[in-house]
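>>> Please work out how this folds:
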Amino acid sequence: MRTSIAALMLATGALVVGGGAASAASLVSAKKLELNVDETKTEEERRALWEKVGGWCAIKEWHPAVAACEESKEGDDTFRTLTLQDGGKIRERLVDTGATSYRYEILESPFPVKNYEAQFSVTPDDDDLDEINVVWSATYDPADGKDAKDARSTIDGVFTAGIDSIKAKYGKSDDDDKK
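Residues are numbered from 1 along each chain as shown. Predicted coordinates:
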């Protein structure tokens, strides 16, 4: 059974807001990729995929808009500065990490958003033992003077480009199962 994107967005919104966001954001975006794996090696394949896509600066390897990523530390805080293909810069702070997940917030960006907090994870599928999920989700508000539609369109576009790139680089198509 497939999780509906609406349910995923609601659950993610509750997770991120409950996870310590400074204020309740009004918009939620989420993108999910389901990848077929060998049922007997689900955990092994999940960890292998995380090794490829889950590092704090691994985004430069799989997101087509990211030209470079620089990691830095200030005290106990970890940051990354993403340089986009068009020269734009995004500064983010790592909020929390798990075995195959991390949460982060955007501190500065050219995006029309504020109060942005997101989670990126690779998890086993709840109801299909032969699938793993890549999930990228965020809560945020439109930046001052910006339209909610533009804010959502921007973040949805970022997520779609990233998840589609992961699928192209590391996914297994349904045609692969028929060979």
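>>> Please enumerate residues in contact with the top helix by length along the chain?
Criterion DSSP state H: the longest helix present in the chain is helix 148-170. Defining contact as CB atoms under 8 Å, 6 or more residues apart in numbering, one finds that helix 148-170 is touched by 26-27, 29-33, 35, 49, 52-53, 59, 62-65, 111-113, 116, 134, 136-138, 140-143. C-beta coordinates here come from the backbone N, C-alpha and C atoms, glycine included.
>>> if you look at the residues you listed, which of them are in helices?
Here DSSP H is the test, and those give 49, 52, 53, 59, 62 as lying in helices.
>>> can you tell me which two in those residues are farthest apart?
Taking CB to CB, the two most distant members of the ones in helices among the contacts of helix 148-170 are 49 and 59; they sit 14.2 Å apart.
>>> Count residues in the vicinity of residue 86, would you?
By other CB atoms under 10 Å, the residues close to residue 86 number 8.
>>> separation between the closest residue to it other than its chain neighbours and residue 77?
Leaving aside its sequence neighbours, residue 86 sits nearest to residue 65 (CB to CB, 6 or more residues apart in numbering; 8.0 Å). To residue 77, residue 65 is 24 Å away according to CB to CB, to the nearest Å.
>>> Equivalent analysis for residue 118, please.
17 Å.
>>> ok, the two, which is more surrounded?
residue 118 (23 against 10).
>>> That one and residue 136 touch, don't they?
Yes. Proximity of residue 118 to residue 136 meets the contact threshold set by CB atoms under 8 Å, at 6.8 Å.
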